[in-house]
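Novice: Task: produce atomic coordinates for the following.
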Amino acid sequence: MAYNAGASSGNLILIQSQTASAVASLAFTTGITGYDRYYIDIYNFSSTNQVAFTLVFSTNAGSSYLNTGYYQEGPCASNTGYFGNSTINGASILLTNTPNANAGFNGIGGFNLCFTSGNQQSILGNMYDGFANWAVGGLNTGTTVVNAIRFDIAAGTFSGNFKLYGVQN
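Specialist: Predicted coordinates for the structure are as follows:
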């Protein structure tokens with residue numbers, strides 16, 4: 001994988017890197033423009049509680065976030081075969097609902113994001129939360145281009161390293 005390898009077709013271009021340290025949310029509000037797709041890399045993830053870790057989209061640079069219109073099948077946990085409840089017109093996209101509360105387990109995640117004008121905004125990827133690898137797929141039915149994203153935890157805080165990349169076809 002070519003990280004920050006330049007503007008060649010298909011390469012990942014590092015847009016922004018953030019470190020979360022005991023936060024309830026983390027937002028990327030700049031740099032989500034001008035690329036065909038985006039990729040989020042999460043590593044050294046940990047949380048204080050085993051609760052929902054979610055993602056929401058914004059179409060106004062983070063002034064507000066979409067709290068409706070999310071559709072999701074799953075997610076599916078690899079360790080139990082548990083297939084989560086489908087979401088129809090939900091308030092967010094669930095990335096995992098069982099993050100390991102033990103520090104140092106080094107949870108990871110990787111998500112492809114597509115935010116094109118006139119199309120539904122989509123996400124596809126996985127999240128390893130210390131217990132299971134969660135297969136994640138979802139979308140928001142809005143057709144306005146997304147230009148900010150935010151990660152949230154339902155209760156407590158989370159920590160970890162987050163990198164946002166742009167991908168040009």
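Novice: Quick check, pLDDT for the most centrally placed residue in the chain.
Specialist: In the chain, the residue lying closest to the centroid (CA atoms, centre = their mean) is Leu55, at 5.2 Å. On the pLDDT scale, Leu55 is placed at 91.
Novice: tell me which element it falls in.
Specialist: strand 53-58 (DSSP states H and E).
Novice: Not counting whichever helix or strand comes after that strand itself, show me its contacts.
Specialist: Remark: after strand 53-58, the chain's next helix or strand is strand 70-72, criterion DSSP H and E. Contact partners of strand 70-72, identified using CB atoms under 8 Å, 6 or more residues apart in numbering, comprise 56, 84, 86-94, 136-141. C-beta: built from backbone N, CA, C; applies to glycine.
Novice: Strand partners (parallel or antiparallel) of strand 70-72?
Specialist: strand 87-90 (antiparallel), strand 133-140 (antiparallel) (DSSP bridges).
Novice: give the contact list for Gly31.
Specialist: By CB under 8 Å, 6+ apart, Gly31 lies in contact with 15-16, 164, 166.
Novice: 10 Å - rerun?
Specialist: 13-16, 38, 147-148, 164-166 (CB atoms under 10 Å, 6 or more residues apart in numbering).
Novice: That concludes my questions; thank you for your assistance.
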